[in-house]
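Trainee: below are the sequence and a predicted model; questions follow.
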Amino acid sequence: MKWWLPQASNSAAETDRLLWGLLLLSFAVLALVFGLMFRYIVKYRAGSGVDRGAVAKKSWIFEITWTAATLLIFFGLFVWGADLYVRLFEPPKNALKIYVIAKQWMWKTEHVGGQREINALHVPVGIPIELVMTSEDVIHDFSVPAFRIKHDVLPDRYETLWFTANLPGRYDLYCTQFCGLDHSKMVGEVVVMPQPRFQAWLEQNGGGDTLAAAGKVLFMRFGCSGCHGSNAAGSDPGSAVRAPSLAGLYGSPVPLSNGTVTIADERYLHDSMVMPERQIVAGYAPIMPSFAGQLGEEDLLKLVAYIKSQAPERPQ
Amino acid sequence: MNTTMTGMVRIAASEVEGSYLTDGLTLRSWLLTTDHKRIALLYLGTITFFFFVGGIAAALVRLNLIVPEGLLGSAEAYNRLFTMHGVIMVWFFLVPAVPVTLGNFLLPLMLGARDLAFPRLNLITWYLFITGGAITLWALFVGGVDTGWTFYTPLSSMYSKGHVVLAAVGVFISGFASIATGLNFIVSIHRLRAPGLSWYRMPVFLWSIYSVSVLLVLATPVLAITLLLLALERLFHIGVFDPAIGGDPLLFQHLFWFYSHPAVYIMILPGFGVVSEIIPTFSRKSLFGYKFVVWASVSIAIISFFVWGHHMFVAGTSVYSAVLFSILSYLVAVPSAIKVFNWLGTMHKGFVRFDAPMLYALGFIGLFTIGGLTGLWVAALAADVHLTQTYFVVAHFHYIMVGGMVSAYFGGLHFWWPKITGRMYPEMWARVAALIMFIGFNITFFPQFILGLLGMPRRYFSYSPEFQVLNVLSSAGASVLASAYLLPLAYLTWSLFHGERAPANPWGATGLEWQTASPPPTVNFVEIPVVTHGPYAYPPPETVHPQNV
């Protein structure tokens, strides 16, 4: 029986301080409520001859006092919890991205260099990690108690979750959103390694194509290049179909046919492949077929990585 | 009973002499009754049945968790058991428990009325309820459902192999019983108050039932719509929730919690009402801050519609919605805190007696306070990220629902048992049961707070061996709790035949329900009472000042 969770991430110590604060407050209130209750039921039990005196009048003064005190304490707790949550919501710009695909009932993780893992995730210590997560079927949840983080993983959406691991070791990874029969078997481990060892691990487990290189192969095989250009650099002059250029697309604003402008992030690129009719680039006809059902989430990730690799380096 | 043009009521002799229990002894006279008191007893039997069915499922869940690899040997069986436990306990026990039994029985009596506004509608709700219950039970027994009681999509709509639609149909039908009951109560409270019974002279129990009825009428239709959409997607593949066919999985969660969060208050508000009756009676003192307690109930009913998003802090909603729902969740906790302080204020300088109903009420205050305080933990955003979807949440809501609500339900059942049956329950046994229930409850659920803090996820058939000690402790507590629940079943049944005859007002209470015979005649009051002042006028000590004198 372990009675303590290690504080293995940037948010763990701060979350624990909040939990300790809540614990102390809870004990204080419990002591007050149980204390008063036992005092009153003993002192004022029916058989006791203690002087009841005059019953307090103007009870609204008590009411206002304890209502105001409660409100004040609650507001303090709200600010404390919300501040931490909001600060930890946005990943840092320089975070290392790792892709997570959940399915009944396993975790698949893919590194940018093409390294793939099942029910495991290797990360370096001290570097912010941004997980880009999606599901192939139902809703799952990526939860690492030692990091004090969790987030739902939804089908057809990219949800992000970030952390900086600060203590090398092996930590439990759980799916915490009930996902069917073998929900309790959808567990794994997060392995936090010192940076040099992580580099060595990447090299040992590399060998395959990078995500972007694998994406380029798919880009040809599924005929994307026919309309969007063989090198993603723009429409093939010989092509009869007019489709938007994908060069430099990632991270740039895209004007849409409905007059709005969106940023071409991972989610936009993903949705444009499986639901192209949802967001049409201004000035283009809605002629692209959906690739839903033909491209799995892993293939989509590779294609997104390829399109990203065609973007110019941006100043951070 | 016939009402003449002048509003005078002509009463048959059989409705005055004897009690509602002896007014017709055939099965037909029970199954076709429109007497709110008999319907309350029909409901009481039904609810008790469902409580034990849900309880058996819970016992098997706890049995499975004694060993890390799962004692039952089948994840499928385990998943179906906890789903069955949740579905039955929420919709067929906790939501209806107090309103349809004690509420049904007491509402007209407390109002000084002869029945509810729509007696036949009242009977129809019972038939809807048992129809819905039978369908859901059928679904759970012929193969079961393995989605959890929350039916999250797209698991429930596209992936689950269980009888989701059948179970949902049962819940859907029983929802109409809830709506009709709520409507009946609202109309009765507006239209059937005895002469002189102004709103601020109503007992807090009536205010609680009124608040609950508003919630039932407004929230339950949303559940019906949600289940309908779920069935449409599952049966006809109309894309509503599954993104693969064009739906949005979060939409389901929004709709579901828009009902299910108010439903939490549907479950607990009647408990507040029961405790607010018991504490002044056994403290022989007026309820402290009556108007604050009343308006706390009403404001809970209103604010509870605006906190559903706190179930979705890690679900993928925006940071703005998380912040907003966090502060609203703290707001809804304020009225509950006000109530606790008012109950304590009621005991101050009172003449406190320790009859079994009071023991249950004291247990309620303690356990509900722990449940409420841990609610503050999960309303704090960053803390919730760590705690949600773990056993901490399981412990939190069981402290509210079982520690709070079920304690209040048993407190109320004992308090009004003499009125309902005309017999006293055995006092010693009742006190022992209350004590064992309190102890067993804490042994069962307190370890789950620690399990959650250590990160153990809920709804796990098997778990890491490091969590075993606390799980075994929790299961041991569950067996104590189970035996505590069997005790009242035994001694209350015994008291029906062998209990001491109850006087009209054994507790010396002030409410109108105590100013008629125990058990009451079919017409409740031979003469309609005229109310002259507010409830809980307990001049110290040992004298009674009924509401109609």
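Mentor: Alright, I've got the coordinates. Residues are numbered from 1 along each chain as shown, chains lettered A, B, ... in the order given.
Trainee: quick check, residue B:351 in contact with residue A:49.
Mentor: No - look at residue B:351 against residue A:49 with Cβ atoms under 8 Å: they stay out of range, at 10.6 Å. Where C-beta positions appear, they are placed from N, C-alpha and C, glycine not excepted.
Trainee: check contacts around residue 163.
Mentor: With no chain named, the answer covers chain A. By Cβ atoms under 8 Å, 6 or more residues apart in numbering or on different chains, the contact set of residue A:163 is A:9, A:10, A:11, A:128, A:129, A:144, A:147, A:149.
Trainee: hm, I was asking about chain B
Mentor: Residue B:163 sits in contact with B:139, B:140, B:142, B:143, B:144, B:145, where contact means Cβ under 8 Å, 6+ apart.
Trainee: residue A:267 now?
Mentor: Counting by Cβ under 8 Å, 6+ apart, residue A:267 makes contact with A:157, A:158.
Trainee: residue A:160 versus that one, what's the distance?
Mentor: To residue A:160, residue A:267 is 9 Å away according to Cβ to Cβ, to the nearest Å.
Trainee: which among the contacts of residue B:163 end up buried?
Mentor: Buried by 16 or more other Cβ atoms under 10 Å in any protein chain shown: B:139, B:140, B:144, B:145, out of the contacts of residue B:163.
Trainee: ok, back up a step: out of the contacts of residue A:163, which are inside strands?
Mentor: Those of the contacts of residue A:163 mapping onto strands are A:128, A:129, A:144, A:149, per DSSP state E.
Trainee: if I pick the residue nearest in space to the middle of chain A, what's in contact with it?
Mentor: Nearest to the mean C-alpha position of chain A, counting by Cα atoms, centre = their mean, stands residue A:161 at 2.6 Å. By Cβ under 8 Å, 6+ apart, residue A:161 lies in contact with A:130, A:131, A:133, A:142, A:149, A:150, A:151.
Trainee: could you rerun that using 6 Å?
Mentor: By Cβ atoms under 6 Å, 6 or more residues apart in numbering or on different chains, the contact list for residue A:161 reads A:131, A:151.
Trainee: and after the helix or strand where it lies, which helix or strand comes next?
Mentor: Using DSSP states H and E, residue A:161 sits in strand A:159-164. As assigned by DSSP H and E, the chain's next helix or strand after strand A:159-164 is strand A:169-175.
Trainee: helices or strands next to that following strand in the packing?
Mentor: For strand A:169-175, the elements it packs on are strand A:140-144, strand A:187-193, judged by 3 or more Cβ pairs under 6 Å, 6 or more residues apart in numbering or on different chains; DSSP states H and E.
Trainee: what's the most buried one of the ones you listed?
Mentor: Using mean count of other Cβ atoms under 10 Å in any protein chain shown, the stretch among the helices and strands packed on strand A:169-175 with the largest mean neighbour count is strand A:140-144, at a mean of 27.
Trainee: parallel or antiparallel, list what pairs with that one.
Mentor: Strand A:140-144 has its sheet partners listed here by DSSP bridges as strand A:149-153 (antiparallel), strand A:169-175 (antiparallel).
Trainee: and the next helix or strand past the top helix by length along chain B?
Mentor: Counting residues, the longest helix found in chain B (DSSP state H) is helix B:249-283. Counting by DSSP H and E, the element after helix B:249-283 in chain order, helix or strand, is helix B:290-303.
Trainee: helix B:249-283 and that next one, what's the angle between them?
Mentor: Helix B:290-303 and helix B:249-283 are oriented at 170 degrees to each other (axes from the mean of the first three to the mean of the last three Cα atoms, to 10 degrees).
Trainee: any idea how far residue B:434 is from residue B:51?
Mentor: As judged by Cβ to Cβ, residue B:434 and residue B:51 stand 17 Å apart.
Trainee: pick out whichever of the two has more residues nearby.
Mentor: residue B:434 (27 against 20; other Cβ atoms under 10 Å in any protein chain shown).
Trainee: show me the contacts for the residue in the stretch 101-250 of chain A that chain B sits nearest to.
Mentor: Closest residue of the stretch 101-250 of chain A to chain B, Cβ to the nearest Cβ: residue A:145 (2.6 Å). If a contact means Cβ under 6 Å, 6+ apart, then residue A:145 has A:5, B:455 as its contacts.
Trainee: which residue comes closest to the residue of the stretch 201-316 of chain A found nearest chain B once chain neighbours are left out?
Mentor: Residue nearest to chain B within the stretch 201-316 of chain A: residue A:292 (7.1 Å; Cβ to the nearest Cβ). Nearest non-adjacent residue to residue A:292, counting by Cβ to Cβ, 6 or more residues apart in numbering or on different chains: residue A:274, 4.1 Å away.
Trainee: what does residue B:390 give?
Mentor: Spatial nearest neighbour of residue B:390, chain neighbours left out: residue B:452 (3.9 Å); criterion: Cβ to Cβ, 6+ apart.
Trainee: pull out the buried residues from the one helix or strand the one you found maps to.
Mentor: Using DSSP H and E, residue B:452 sits in helix B:427-453. Using 16+ other Cβ under 10 Å as the test for burial, helix B:427-453 gives B:429-434, B:436-438, B:440-453.
Trainee: which residues touch residue B:440?
Mentor: Residue B:440 makes contacts with B:477, B:480, B:481, B:484, as judged by Cβ under 6 Å, 6+ apart.
Trainee: now do the contacts for residue 256.
Mentor: Using chain A here. A:279, A:282.
Trainee: can you look at chain B instead?
Mentor: Residue B:256 sits next to residue B:226 when contact means Cβ under 6 Å, 6+ apart.
Trainee: quick check: the gap between it and residue A:99.
Mentor: Separation of residue B:256 from residue A:99 (Cβ to Cβ): 30 Å.
Trainee: same question, residue B:522
Mentor: Distance, residue B:522 to residue A:99, using Cβ to Cβ: 71 Å.
Trainee: quick one: average pLDDT of the longest helix of chain B?
Mentor: If you average the pLDDT over helix B:249-283, you get 95.
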